[in-house]
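Undergrad: missing the sequence, but the structure's below:
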Ligand code: MF3
Ligand code: CO
């Protein structure tokens, strides 16, 4: 069942979402070669707790850190640790915050200078694919209109979209119904209604869409070890179209 949130609930989700967006603003200030991924994890933990919220991923299915930091060929669920960010890395950071019983979930991919041209194109394409997917999150559309818009745009550049991981409904649980694939035919699935709240999250690869999980049972990498980018926003469908909740004013 897809739950419909009322205006009050959407404001609570927006409050959680703004805390996630605030983390990205702080990360932007410090991300540079030499910084350890565990330092970024700590920064997020402190920022989220300072704002009277809780890091949503810590302990989720046993996840051992506060946020996910996925570098280059790592698609998602990279565990922060001693690894240092390097020049020209593509760094995808996925952050969740839980506040007043509601979740916000967002991911941003960063490119560390000096900019790698191939990674830059992948990153720009993935960000735009998310934007086009969000633009389909409108009353009267079908769920897979979102999926199709993302896949169609990403593949028009010769990239592939990951199949094994999908976006999701979100609200009082981090993962609610429905699943939101980043691929598929348009015009399928439930009809979208105001009050639905989704985490839309394209993962786009330079090479194959196939992925595998490393021995730590979390880190997901591309099978060909080519780079992957990941952007995600939590959004609400309103009478006036999509509203992004994981952003600052
Ligand atoms: N954005 C990811 C998701 O929606 C974050 C989950 S990471 C986990 O699935 F560690 F919490 F599993
Ligand atoms: Co998510």
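TA: Cool, got the structure. Because the structure is a prediction, the values reported are computed rather than measured. Residues are numbered from 1 along each chain as shown. Ligands and ions are numbered 1, 2, ... in the order given.
Undergrad: what sits against the residue positioned nearest the centre of the chain?
TA: When CA atoms, centre = their mean is applied to the chain, the residue found nearest the centroid is residue 232 (2.7 Å). When contacts are counted by CB atoms under 8 Å, 6 or more residues apart in numbering, residue 232 is found next to 94, 105, 106, 107, 130, 167, 199, 200, 201, 202, 246. Glycine gets a C-beta too; all of them are placed from N, C-alpha and C.
Undergrad: Run through those and flag the ones next to ligand 1.
TA: Residues of those in contact with ligand 1 (CB under 6 Å from any ligand atom): 94, 105, 107, 199.
Undergrad: just checking, which of those belong to strands?
TA: Secondary structure defined by DSSP state E assigns 94, 105, 107, 199 of the ones next to ligand 1 among the contacts of residue 232 to strands.
Undergrad: Surely the third one and residue 93 touch.
TA: Yes - taking contacts as CB atoms under 8 Å, residue 107 lies within contact range of residue 93: 6.6 Å.
Undergrad: Overlap of the contact sets of the two?
TA: Between them, residue 107 and residue 93 have residue 68 as joint contacts when contacts are counted by CB under 8 Å, 6+ apart.
Undergrad: Regarding the chain, what is its longest helix?
TA: If each helix of the chain is counted by residues according to DSSP state H, the longest one is helix 7-30.
Undergrad: That helix near ligand 1 at all?
TA: No - residues of helix 7-30 contacting ligand 1 under CB under 6 Å from any ligand atom: none, with a closest distance of 10.2 Å.
Undergrad: got the buried residues for the helix or strand following that helix?
TA: Next in sequence after helix 7-30, counting helices and strands by DSSP states H and E, comes helix 37-50. When neighbours are counted by 16 or more other CB atoms under 10 Å, the buried residues of helix 37-50 are found to be 37, 38, 40, 41, 43, 44, 45, 47, 48.
Undergrad: Which two among the contacts of residue 232 are spaced furthest apart?
TA: The distance between the two most remote of the contacts of residue 232 (CB to CB) is 14.6 Å, for 202 and 246.
Undergrad: between those two, which one's more packed in?
TA: When residue 202 and residue 246 are compared for neighbours, residue 202 comes out ahead with 33 against 28, by other CB atoms under 10 Å.
Undergrad: ok, back up a step: could you provide the buried residues of helix 37-50 in CSV, with additional columns for pLDDT?
TA: Written out in CSV, the entries for the buried residues of helix 37-50 read as follows (pLDDT from 0 to 100):
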residue, pLDDT
37, 99
38, 98
40, 98
41, 99
43, 98
44, 98
45, 99
47, 98
48, 99
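Undergrad: Which single one of those residues is nearest to residue 212?
TA: Minimum separation from residue 212 among the buried residues of helix 37-50 (CB to CB) is found for residue 37, which lies at 20.6 Å.
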